[in-house]
Structure formats: C-alpha cells, structure tokens
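Colleague: turn this into a structure:
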Amino acid sequence: MTNEKEAQECAELLKAIGEKNRIRIIESLSEGAKNVSELASALKLEIVNVSHHLGVLKSVRLVKEKKLGRFKQYSLTPEYFNAEGEIPTLNLGWCHLVLGEK
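Modeller: Just a heads-up that it's a prediction; the model follows:
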C-alpha cells in the first residue's frame, strides 16, 4: 500500500497534469526543448499563461529549465519521461501516459 507521503506526491503530479494546456505543453516539449515564446506560438496561448503553466510543471519536477543567454529553454525531466527515440510517455511508476506516436 502507498504511504501517505507517496500518495501526496502522486496527487501533486496528477493535479499538475490535470489541466488541458499543461498536457499540451508536455506534448509540445516531447518534440524537443522550447522557450516560452515558442510554446506560446505553437499552442496559440498568451505568454503569461504558458509561463504560469510551466511554473506549475516545474514545481513538481516534470519540466526543467536551462538558461540560454537571456532566454530560458524548457524540456521534459528524464526522471518522469522516457529517453528520446522512443514513443514519448510519462512514467509515474504505476501509470503511463502515451504522448504521441513514433
């Protein structure tokens, strides 16, 4: 049986991905790293909204950022996502989400 701490961590992860635009951001990042402007353009969302959603995803370590000059580039965290070259999936240990086709 899952202990209380593990259950809380799982709930936080599920809450973070439980919003349609966050799922779309994850799917877009499964194609490769992007900055906020690139994500906003690809998803036809306001930059401020994309930044908010990235903050939520980053807070639960589903997304990581890397500073490149004056921009931050976001990518999926290998802790939860499989290696490149495979069909992109989110691995929560007991639950898998397929993000696209190979």
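
Colleague: so where's the chain shaky on pLDDT?
Modeller: In the predicted model, the chain carries pLDDT under 70 at residues 1-2, 83-88, 93-102.

Colleague: show me where it has its strands.
Modeller: Using DSSP state E, the strands of the chain run over 34-35, 63-68, 71-76, 89-91, 96-98.

Colleague: I'd like those strands as a markdown table, with mean neighbour count and distance to Arg22 appended.
Modeller: Glycine gets a C-beta too; all of them are placed from N, C-alpha and C. As requested, those are exported to a markdown table (neighbours: other Cβ atoms under 10 Å; distance: least, Cβ to Cβ, whole Å):
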| stretch | mean neighbour count | distance to Arg22 |
| --- | --- | --- |
| strand 34-35 | 19 | 14 |
| strand 63-68 | 14 | 9 |
| strand 71-76 | 18 | 12 |
| strand 89-91 | 16 | 11 |
| strand 96-98 | 12 | 12 |
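
Colleague: output those strands as CSV; include the columns distance to Ile23.
Modeller: Listed next are the strands of the chain as CSV, based on distance: least, Cβ to Cβ, whole Å:
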stretch, distance to Ile23
strand 34-35, 15
strand 63-68, 12
strand 71-76, 12
strand 89-91, 9
strand 96-98, 8
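
Colleague: buried sites along stretch 38-45?
Modeller: Going by neighbour count (16 or more other Cβ atoms under 10 Å), the buried part of stretch 38-45 is Glu38, Leu39, Ala40, Leu43, Leu45.

Colleague: nothing else from me, thank you.
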